[in-house]
Structures are given as C-alpha cells and as structure tokens.
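[1] Got a sequence here, can you model it:
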Amino acid sequence: MSSFDKIKLLSSKVADSIFKGEKIEELEKSKDLTDDEKNYVLSNILDKNKKQERFEFTSKLNKQRAWENFMESTKQKTKTKPKVKPMYRYYAAAASIAVLLGITFFLNDNIGSLQSNETIIVDNNIETGTDKATLILEDGSKVALEKGTTYQTSNANSNGEEIVYSTKAKAIKDMMYNTLAIPRGGQFHIQLSDGTKVWLNSESQLKYPVAFVKGETRQVELVYGEAYFDVSPSTEHNGAKFKVFHKEQEIEVLGTEFNIKAYKDEAHIYTTLIEGSVAVNTQYSNKTLVPGEQSVLNTQNNTIAISEVDTYNEISWKDGIFRFQGKRLEDLMKVLARWYDMEVIFEKEAHKNIKFKGVLKKSQSIEEVMSIIESTSINNYAINNKTITIK
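    Sure thing, here's the model as predicted:
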C-alpha cells in the first residue's frame, strides 16, 4: 500500500470516529506518522478555522464524483458488514474527503511526509502603493508630489494625486519640457496642456512640453514604464496629430485611447488600442491597430506581432484593479513587485510558470493579496522585510 493510500485509509477512519463522536484512536495508533505529525494533523482537524476552510473547499467539489470515488475505494462484501444507511455513508464520505484534504494539503512533493505551510512573516515592511511622483523641471530641479502636498506655478498645479497643466499656456520658440517620474510603489495622473489625460503606472517616466505649439504635432516621450493615454482629438487642435515616442517605437494617433507598456526589464513593448486608431512605427515595420488589438514589439529582433486581447485585462490597473487571466506567476509577481516596491524570489523554477486567474485590488495589503494567490496557485511563501520568497 502506498503512502497516499495509507493516509487516505487513515483519514477515512478518523472521519468515521469524528462523526460518531468517538476517540480518535486510529491516529494515535498509526505508525505511518511521527508524533509531531500526528499532533499537527489533529490540531488541523479540530481547529475551527481549518474546518471552515475545508468546508468551503469541499463544497466546490463534484459531490457525485466524490461519492463514487469513495464507494469504489471502500467497496467490501455486504455479507461481512451490516448495512449502513445511505445518508450515513454520504456524510461519512464527505467527512473523509474533508479530512483527507485537510491532511494532504500539507503533503510535500513525495506525499510521504507532512510539512506545515504556515506563512512565515518577518518584519513585513511592504507597503501598498499610493499616489506619488517626482516632477523634474526644465532646469533639472525636482519637486516631490504626493498625497497631502500641493504644488502650483503659472502653468500647472497639483493636489498631490494629479498634476494639471493650463490649457491657456502658450509655447514659446524654445519649448520647455517637464518630466514626471513615478517610483516603484507609486502611480500618478497628469493632464497635459492640450487636455490629453495620461495615467502613469509604477516605475514609469513621461517627458512632455509644458505647452504645445498651436497647429504643430503634439509630441511626448514615454521614457520607460506603462501609461494609459486618453488623447484630446486633433479636431480640437487645428488637425495637429499626437505622437508618443519611445526609443524602440513611435505611436501616431489622431484622437484615441490606448495603453503602452514598455518596462526596462522586459524584452517586449505592448501597445493596446481601446478606441480610435493608432499606427505603430519602428525602424523596420509599420502596423496599424484597430480597437481590441494589441501589438507586441520584440526589442531583440524588432518584429511586431498583432493579436486580439481582452483590453480590460491590460488597462484595469488605472482603475485600481489588477485583473489576470491565466497569467504566469512570474509575470504576475513582476506587476506586484512594482506596485508594492518589493523583491520576489522563486525557490523553484517550475513555480514561475504556474498560471493564475483572478482579480486583485491595488488597495489590498500584500498579505491579503498573497493569501488569495496562495489559496489558488502556491503552497507556501515567506515575507522578510521587503522580499517575498515563493517556496
């Protein structure tokens, strides 16, 4: 009999004893577990919170399949055992499965020994991201923008959550540029002098003129990071086009909403069109997107691939939500690392490719977020200072 079968049989006996209100002798007599493991299993069986977790988990199972599996594993000759009422059998099966899940949830890869998956947290200094940025002026001086602070000049004003440039500002011959730098753990909103609105994600930088020249192409530069643009239509600016530059590509628009993700530590640049039309231009290729499409520029070989995507998955970050649909855990943790300004370590390479599907709120603490991920995708993790280790 395998270790798994032994534990399954033991769990059935333990469940039966619990159901009858009898002493759990089977667990005490078992030679397959050490004393520490027995105490651990028993504490998890009797713990009220664990009982609720098992109940919620097992309630999602296919009860008919569970019943059939149980009957198959416990099939015996009816002559040697008195008949048991079907209802009792059903609840005994459910109890057995619940306890089995409660035990096997803690098994290691060999399913031969038990280990605790209690999260280890040591000096958790990981804070939820917030609105903050550094404004770099034309002369190189810097201004910290964050909640609770205000900033005002003749051309712009900020309430600590966004910065708005005056639409009445007029550009002079020598245009002045500002740069808005968003750190890890930050986000910020900016309204340019033409009325274009830009949401900047964590670890991003945007360079733009304090005022645009009337009638001339409006140009800004996404130095790196991620930004969502709601561009003021060219019809309101004497037909002036709007362009977003990046060292690897150029986006040309007339009036539209789109998202660009171009992080320094990633080999691809993602441009997602929500509405309108944009042209994605590089030194080697020119592509035009229609709403619902995303271009992926490979910066290694300069090729562009276009596909249809669920656009909200790509832009939900600006609405305070992370929405993932089958996202690799490594890619997901990169997103979280920028927002929570933390480092992530994977102890096993295989864990990087685990897929996650779900919605996380940016307002949640890192412990709340990791609890959701742990319940669906991983067995254990640890937090030490500003580092998370996926075990």
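
[2] any idea how far Ile126 is from Ala382?
    Counting by C-beta to C-beta, to the nearest Å, the separation of Ala382 from Ile126 is 12 Å. Bear in mind the C-beta positions are built from the backbone N, C-alpha and C, glycine included.

[3] ends of stretch 133-147, how far apart?
    Across its full length, stretch 133-147 reaches 10 Å between end residues, using C-alpha to C-alpha, to the nearest Å.

[4] Just the buried positions in that stretch, please.
    Applying a neighbour-count criterion of 16 or more other C-beta atoms under 10 Å, the buried positions in stretch 133-147 are Ala133, Thr134, Leu135, Ile136, Leu145.

[5] For Met370, give me phi and psi.
    Dihedral pair for Met370: phi -70, psi -30, per degrees, to the nearest 10.

[6] Could you find the closest non-adjacent residue to it?
    On the basis of C-beta to C-beta, 6 or more residues apart in numbering, the spatially nearest residue to Met370 that is not a chain neighbour turns out to be Tyr381, at 5.8 Å.

[7] hang on, the one you found packs against Ser375?
    No: applying C-beta atoms under 8 Å, one finds Tyr381 not in contact with Ser375, separated by 11.6 Å.

[8] So between the two, which is more surrounded?
    Tyr381 (21 against 12; other C-beta atoms under 10 Å).

[9] partner residues bridging that one?
    Beta-bridge partners for Tyr381, by DSSP bridges, are Ile390.

[10] ranges for the strands of the stretch 101-250 of the chain?
    Assigned by DSSP state E, counting those that start in this stretch, the strands in the stretch 101-250 of the chain fall at 120-122, 130-136, 142-146, 151-152, 156-158, 162-165, 177-182, 186-191, 197-200, 204-209, 218-230, 242-246, 249-253.

[11] nearest to Ile315, of those?
    Across the strands of the stretch 101-250 of the chain, the minimum distance to Ile315, taken as C-beta to C-beta, is reached by strand 218-230, at 5.6 Å.

[12] And the pLDDT at Asn286?
    According to the prediction, Asn286 has pLDDT 92.

[13] If it is in a bridge, with which residues?
    Counting by DSSP bridges, Asn286 is bridged to Asn281.

[14] and what of Ala262?
    Gly225.

[15] correct me, but it touches Leu222?
    Yes: look at Ala262 against Leu222 with C-beta under 8 Å: they come within range, at 6.1 Å.

[16] check contacts around Asn301.
    The contact partners of Asn301, by C-beta atoms under 8 Å, 6 or more residues apart in numbering, come to none.

[17] Can you list the low-confidence ranges for the stretch 151-300 of the chain?
    169-173, 254-255 (pLDDT under 70).

[18] neighbour count winner among Ala382 and Ile126?
    Here Ala382 and Ile126 are compared on neighbour count by other C-beta under 10 Å; more neighbours surround Ile126, at 23 against 17.

[19] wait, doesn't that one sit right on Gln364?
    No: using C-beta under 8 Å, Ile126 and Gln364 do not qualify as a contacting pair, with a distance of 11.7 Å.

[20] Need the residues touching each of those two.
    Contacts common to Ile126 and Gln364, judged by C-beta under 8 Å, 6+ apart, are absent.

[21] re the thing from before, joint contacts of Ala262 and Leu222?
    When contacts are counted by C-beta under 8 Å, 6+ apart, Ala262 and Leu222 are jointly contacted by His246.

[22] what about stretch 324-332, start to end distance?
    Taking C-alpha to C-alpha as the measure, stretch 324-332 stretches 8 Å from start to finish.

[23] likewise stretch 222-236?
    Distance between the two ends of stretch 222-236: 23 Å, counting by C-alpha to C-alpha.

[24] which parts of that stretch are buried?
    Going by neighbour count (16+ other C-beta under 10 Å), the buried part of stretch 222-236 is 222-234.

[25] re earlier: pick out whichever of the buried residues of stretch 133-147 sits closest to Gln325.
    If you rank the buried residues of stretch 133-147 by distance to Gln325 using C-beta to C-beta, Ala133 comes first, at 29.5 Å.

[26] ok, now which ones touch the closest one?
    With C-beta under 8 Å, 6+ apart, Ala133 has these contacts: Leu145, Glu146, Ile163, Leu180, Ala181, Ile182, Pro183, Gly186, Phe188, Leu200.

[27] One more pass at 6 Å, please.
    Applying C-beta atoms under 6 Å, 6 or more residues apart in numbering, one finds that Ala133 lies in contact with Leu145, Leu180, Ile182, Phe188.

[28] Now for the residues you listed: which two are most distant?
    Counting by C-beta to C-beta, the most remote pair of those is Leu145 and Ile182, 9.8 Å apart.

[29] would Lys352 count as being in a strand?
    No: the assignment for Lys352, made by DSSP: H, G, I helix; E, B strand; the rest coil, is helix rather than a strand.

[30] Secondary structure element holding the nearest residue to it once chain neighbours are set aside?
    With C-beta to C-beta, 6+ apart as the measure, Glu330 is the residue that lies nearest to Lys352, at 3.7 Å, once sequence neighbours are left out. Counting by DSSP states H and E, the element that carries Glu330 is helix 329-340.

[31] what does the helix or strand just after that helix rub up against?
    On the C-terminal side of helix 329-340, the closest following helix or strand by DSSP H and E is strand 343-346. The contact list for strand 343-346 (C-beta under 6 Å, 6+ apart) reads Met333, Ala337, Lys352, Thr387, Ile388, Thr389, Ile390.

[32] right, and Phe356 touches Glu330 too?
    No: the pair formed by Phe356 and Glu330 falls short of the contact definition of C-beta atoms under 6 Å, at 10.3 Å.

[33] which one of these two has more residues nearby?
    Under the criterion of other C-beta under 10 Å, the comparison of Phe356 against Glu330 puts Phe356 first, with 19 against 15.

[34] contacting residues for the more buried one?
    Under the criterion of C-beta under 6 Å, 6+ apart, the contact partners of Phe356 comprise Phe324, Lys327, Leu329, Leu332, Ser377.
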